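Peer 1: sequence? don't have it. structure:
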């Protein structure tokens, strides 16, 4: 075919560079449309998920009642603050918040609040006393008055007394946690905290600490004590029927807070329950009647033999000493 045969109607069938660029741009635009559609679908899906999550209320444990016990006030207020934060839409102002929290009062706490509640319900707001007005219009003031009435009078003094009485009864990690909670309320120096912490540890842990380099900080001391306690616990657990050097017995759970089991020897040789009951009642182990012991009982097979032996000894002595 001649060169002229490749031209139809005066237009060449070979695509030009411009045609190729236009086609590529059109393809990119189509891909972009598809991508935008997928992105829009994904965004819509995420939006719907967010709406579903927002529509589901957060489930909280019911707020426990407060009866005026001083040691429980701090925990009660902390739990109440969580409920207030979650239910902001239902409790829009301080009056609603105060009413919500006060609804969980019992005992002495309700007796204290009842005075203000009666005044609020009996009289219009303009006739409320300054104390009642402040309590129902300011949650912060309400919390302050509640703390003054039922909070611990001297937090530091109470914490110090508890710290002085604290001793390790379970694992070293639990003891350390309780110790740190009390110590956080005091301004004790590092050396004082270390000395008191050491005194409260179990004897076998103190013994192991003596054999080690003395730590320079309370954190290091606590870490060493916990490491020793865990090492001894797992070592003891690996032994069959083994016991600590302090004669403590196996502890079941990881926190070792469960009641201790009987010793290995006691489990191997359990007591005879029937004999124990008879002994408590003062009865014979053989005939189960009162007034004599098993060795003197008529049913004791050794009793007749012992009598014959005793009679023979008496007869022998008579012959030797006529």
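Peer 2: Noted; the coordinates are in hand. As the structure is a prediction and not an experimental result, all values here were calculated from the model. Numbering: from 1, shown residues only.
Peer 1: so what touches stretch 277-293?
Peer 2: Contacts with stretch 277-293, where a contact means Cβ atoms under 8 Å, 6 or more residues apart in numbering, come from 275, 294, 297, 298, 299, 300. Yep, even glycine has a C-beta here, placed from its N, CA and C like the rest.
Peer 1: need the residues you listed in CSV with neighbour count, can you?
Peer 2: Formatted as CSV, the contacts of stretch 277-293 follow (neighbours: other Cβ atoms under 10 Å):
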residue, neighbour count
275, 12
294, 16
297, 18
298, 11
299, 12
300, 18
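Peer 1: widest-spaced pair of those?
Peer 2: Checked with Cβ to Cβ, these reach their widest spread between 275 and 298, with 18.7 Å between them.
Peer 1: look up phi and psi at residue 105.
Peer 2: The phi/psi pair for residue 105 (degrees, to the nearest 10) reads phi -90, psi 150.
Peer 1: what is it paired to in the beta sheet?
Peer 2: Residue 105 has the following beta-bridge partners by DSSP bridges: residue 66.
Peer 1: and it, how many neighbours?
Peer 2: Counted with other Cβ atoms under 10 Å, the neighbours of residue 105 add up to 21.
Peer 1: contacting residues around residue 87?
Peer 2: Residue 87 touches residue 100, counting by Cβ under 8 Å, 6+ apart.
Peer 1: and the pLDDT for residue 238?
Peer 2: Looking at residue 238, its pLDDT stands at 80.
Peer 1: repeat that for residue 31.
Peer 2: For residue 31, the model assigns a pLDDT of 70.
Peer 1: what number of residues lie near it?
Peer 2: Here the count is done by other Cβ under 10 Å, and residue 31 has 10 residues near it.
Peer 1: quick one: it is in a helix?
Peer 2: Yes - secondary structure of residue 31 (DSSP: H, G, I helix; E, B strand; the rest coil): part of a helix.
Peer 1: distance of it relative to residue 20?
Peer 2: As judged by Cβ to Cβ, to the nearest Å, residue 31 and residue 20 stand 17 Å apart.
Peer 1: and the pLDDT for residue 277?
Peer 2: Confidence score, pLDDT, at residue 277: 76.
Peer 1: residue ranges of the strands in this structure, please?
Peer 2: 7-8, 11-12 (DSSP state E).
Peer 1: could you give the mean pLDDT of the last one?
Peer 2: Right, strand 11-12. Across strand 11-12, the average pLDDT comes to 50.
Peer 1: what about the nearest residue to residue 117 once chain neighbours are set aside, how many residues close to it?
Peer 2: Nearest residue to residue 117 in three dimensions, chain neighbours excluded: residue 102, at 7.1 Å (Cβ to Cβ, 6 or more residues apart in numbering). For residue 102, the count of nearby residues is 20 (other Cβ under 10 Å).
Peer 1: now residue 104
Peer 2: Neighbours of residue 104 under the rule other Cβ under 10 Å: 18.
Peer 1: for the stretch 51-200 of the chain, which spans come out with low pLDDT?
Peer 2: For the stretch 51-200 of the chain, applying pLDDT under 70 flags the ranges 51-58, 153.
Peer 1: surely residue 91 meets residue 101?
Peer 2: No - using Cβ atoms under 8 Å, residue 91 makes no contact with residue 101, being 9.5 Å away.
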